[in-house]
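Peer 1: I need the structure of the sequence given here:
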Amino acid sequence: MSVASFYQSKSFKNHWIDFWFGALLLGFYCITVGFLVFPSNSGIQSSYYSLVVIPMFALLPVIRPSKVNLKLLFIFLSAPVYLAISSFWADPNIATAYREPVFFFKLVLLLLLLFLAVRMLLDRNPEFPITWVYVMAFVGGVSAVASLADYVITHHSVLPNKFPRFKGVIWGGDTNRVAAFYTAAFLANLFVFFNASKMYKWLAAVSVVPLVACVLLAQSKVPLAVILCSVLVVAFSALKKGNKLWMLITVTALSAIGLWLVFGTNTFSRHYSFFIRGEIWSVALEELGSQWFFGAGLNYRVSLVADGTTFGQAHSFIIDAMRFGGIVVVCLLISQLITGLLNAYRHIANPIVMFLLVWWLSGMGTALVEAQQPLIRPSYVWFLYWIPLIMIIQVCDTKQSVCTTTD
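Peer 2: Residues are numbered from 1 along each chain as shown. Modelled structure (predicted):
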């Protein structure tokens with residue numbers, strides 16, 4: 001066989017597809033589970049460009065997604081596209097850092113590629129999300145143990161008389177974001193606990209302990225609320241099933257968490273964190289002024305000054321989006337919320353959908369008080385908002401397709 005005929009053969013095409021699908025799957029793990037491993041955001045971005053973008057451009061000429069729901073794709077892209085278009089009327093003179101409009105359309109392309117990548121991975125293996133959640137659960141547990149070890153080594157001189165806020169060894173030590181990442185890993189372990197075999201069930205129960213400890217030490221309020229609600233759900237489930245052992249465990253856990261919050265930390269006495277966010281949001285909305293409907297147009301960064309301090313963003317992804325895209329982009333984001341909730345509700349009996357929904361809602365809770373506008377390069381907003389939303393849309397669409405075919 002000549003070299004030319006080999007390259008044209010079906011065998012070469014199959015090897016080409018297998019290789020790039022392997023790279024794409026690895027890339028998906030890196031840009032999701034990687035948030036629990038990489039010490040900074042550069043690892044996420046490098047993984048996305050090298051292991052998602054390149055494989056997608058290698059695969060799309062030879063294979064297509066079996067089915068793309070254009071209505072869902074339109075709803076998914078509507079807010080990013082509008083924010084990108086709004087950059088044309090943005091005032092570069094007020095920008096702390098400026099980017100040309102083409103930069104924001106590149107970000108829309110990155111989101112589109114991830115949307116299609118998940119669709120193609122599900123086409124190839126509809127059950128891959130289950131393995132993915134298992135990996136997220138146990139990698140999160142190992143990461144939490146490493147972070148706790150670093151915490152003890154760093155602060156051993158003041159422990160146990162004082163418990164400084166936990167930062168971890170991932171994501172540059174950003175306390176609130178690290179807590180949000182570990183909360184997602186905690187939820188993944190709950191999924192494993194309720195759906196796996198006995199061996200994995202106990203492994204998940206052990207893995208939960210360091211993750212909860214990290215969130216408690218971080219003193220981040222939204223992740224704490226998610227964990228408390230989750231423990232209450234487990235307690236209710238144990239009560240309903242008459243499982244006295246797990247009732248005792250959950251009541252003990254709730255009591256321990258409550259005592260820790262009251263006597264062990266100053267989580268609810270940090271009044272400045274409440275005050276300054278209110279100040280930032282007030283300044284952001286005041287600057288919007290008469291441009292409240294269409295927004296002032298998207299700039300890469302426009303600093304805000306509140307209480308004499310300069311902030312690079314509004315610390316709320318909905319308010320930050322609103323100051324650039326006005327009421328229009330808020331409505332588009334609400335349409336995404338409604339779509340995600342409706343799709344998840346139709347398949348709420350599916351444990352993987354339930355996990356994705358709780359992850360997405362808890363991520364939005366964090367983003368509402370912590371994040372910037374959502375059209376950014378692969379970063380924490382992707383983990384909190386875009387990735388679980390894409391997974392909800394695509395997993396539910398896959399299940400719907402299966403049901404339709406069966407009927």
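
Peer 1: May I see the buried residues of stretch 151-158?
Peer 2: Within stretch 151-158, the residues scored as buried using 16 or more other CB atoms under 10 Å are residue 151. Glycine gets a C-beta too; all of them are placed from N, C-alpha and C.

Peer 1: what separates that stretch from the chain centre, distance-wise?
Peer 2: Distance of stretch 151-158 from its chain centroid, counting by CA atoms, centre = their mean, to the nearest Å, is 30 Å.

Peer 1: Kindly report the same for stretch 24-39.
Peer 2: That offset, for stretch 24-39, works out to 12 Å (CA atoms, centre = their mean).

Peer 1: ditto for stretch 331-348
Peer 2: Using CA atoms, centre = their mean, the offset of stretch 331-348 from its chain centre is 16 Å.

Peer 1: okay, now residue 319: neighbour count?
Peer 2: Residues lying near residue 319 (other CB atoms under 10 Å) number 22.

Peer 1: residue contacts, the nearest residue to residue 65 once chain neighbours are set aside?
Peer 2: Spatial nearest neighbour of residue 65, excluding adjacent residues (CB to CB, 6 or more residues apart in numbering): residue 119 at 4.3 Å. Residue 119 is in contact with 65-68, 394, counting by CB atoms under 8 Å, 6 or more residues apart in numbering.

Peer 1: got the end-to-end distance for stretch 369-383?
Peer 2: Taking CA to CA, to the nearest Å, stretch 369-383 runs 15 Å from one end to the other.

Peer 1: In that stretch, which residues are buried?
Peer 2: 369-376, 378-383.

Peer 1: Which single one of these is nearest to residue 326?
Peer 2: In terms of CB to CB, no member of these lies closer to residue 326 than residue 373, at 11.8 Å.

Peer 1: Toward the C-terminus from the helix or strand harbouring residue 325, list the very next helix or strand.
Peer 2: Assigned by DSSP states H and E, residue 325 belongs to helix 317-346. Sequence order places helix 351-370 as the next helix or strand after helix 317-346, per DSSP H and E.

Peer 1: Now do that next one: distance to the chain's middle.
Peer 2: Averaging C-alpha positions (CA atoms, centre = their mean) puts helix 351-370 7 Å from its chain's average.

Peer 1: what do you get for stretch 214-225?
Peer 2: The chain centroid and the centroid of stretch 214-225 are separated by 16 Å under CA atoms, centre = their mean.

Peer 1: on that earlier part again, between the buried residues of stretch 369-383, which is closest to residue 337?
Peer 2: Nearest to residue 337 out of the buried residues of stretch 369-383 is residue 374 (CB to CB; 12.0 Å).

Peer 1: Could you tell me whether the closest one really is in a strand?
Peer 2: No. Residue 374 is assigned coil when assessed by DSSP: H, G, I helix; E, B strand; the rest coil, not a strand.

Peer 1: And it, its phi and psi?
Peer 2: Note on residue 374: backbone dihedrals following degrees, to the nearest 10 are phi -80, psi -10.

Peer 1: What confidence value was assigned to it?
Peer 2: Per-residue pLDDT puts residue 374 at 95.

Peer 1: Kindly report the same for residue 12.
Peer 2: The model's pLDDT for residue 12 equals 84.

Peer 1: pretty sure residue 32 contacts residue 140?
Peer 2: No. Counting by CB atoms under 8 Å, residue 32 sits too far from residue 140 to count as a contact (11.0 Å).

Peer 1: and these two? which has more neighbours close in?
Peer 2: residue 140 (28 against 22).

Peer 1: does the more buried one sit in a helix or strand, and which one?
Peer 2: Counting by DSSP H and E, the element that carries residue 140 is helix 128-155.

Peer 1: Check which residues of that helix are buried.
Peer 2: Buried residues in helix 128-155 (16+ other CB under 10 Å): 129-130, 132-134, 136-141, 143-145, 147-148, 151.

Peer 1: can you check stretch 273-285 too?
Peer 2: 277, 279-281, 283-284.

Peer 1: Any idea how far stretch 160-178 is from the middle of the chain?
Peer 2: Chain-centre distance of stretch 160-178: 19 Å, with CA atoms, centre = their mean.

Peer 1: Could you pull up the contacting residues of the residue nearest to residue 367 when sequence neighbours are not counted?
Peer 2: Spatial nearest neighbour of residue 367, excluding adjacent residues (CB to CB, 6+ apart): residue 317 at 4.2 Å. Residues near residue 317 by CB under 8 Å, 6+ apart: 367-368, 371-374, 381, 385.

Peer 1: so how far is residue 308 from residue 317?
Peer 2: Using CB to CB, to the nearest Å, residue 317 is found at 24 Å from residue 308.

Peer 1: For the stretch 251-400 of the chain, give me the ranges with low pLDDT.
Peer 2: The stretch 251-400 of the chain contains residues with pLDDT under 70 at 263-272, 399-400.

Peer 1: Let's see that with 90 instead.
Peer 2: The stretch 251-400 of the chain contains residues with pLDDT under 90 at 251-278, 286-291, 301, 304-313, 370, 397-400.

Peer 1: any idea of the mean pLDDT for the strand or helix carrying residue 222?
Peer 2: For residue 222, the host element (DSSP H and E) is helix 221-241. Over the span of helix 221-241, the pLDDT mean works out to 85.

Peer 1: Following element in sequence after it, please.
Peer 2: As assigned by DSSP H and E, the chain's next helix or strand after helix 221-241 is helix 244-259.

Peer 1: what comes up buried for that next one?
Peer 2: Buried residues in helix 244-259, counted by 16+ other CB under 10 Å: 246-247, 249-250, 253, 257.

Peer 1: one step back: list the buried residues of the helix holding residue 325.
Peer 2: By 16+ other CB under 10 Å, the buried positions in helix 317-346 come out as 317-326, 328-330, 332-333, 336, 339-340, 343-344.

Peer 1: Repeat that for stretch 164-182.
Peer 2: For stretch 164-182, a neighbour-count test (16+ other CB under 10 Å) marks 165-171, 173-182 as buried.

Peer 1: isn't residue 201 right up against residue 192?
Peer 2: Yes. Counting by CB under 8 Å, residue 201 does reach residue 192; the two are 7.2 Å apart.

Peer 1: When these two are compared, which one has more neighbours?
Peer 2: residue 192 (25 against 14).
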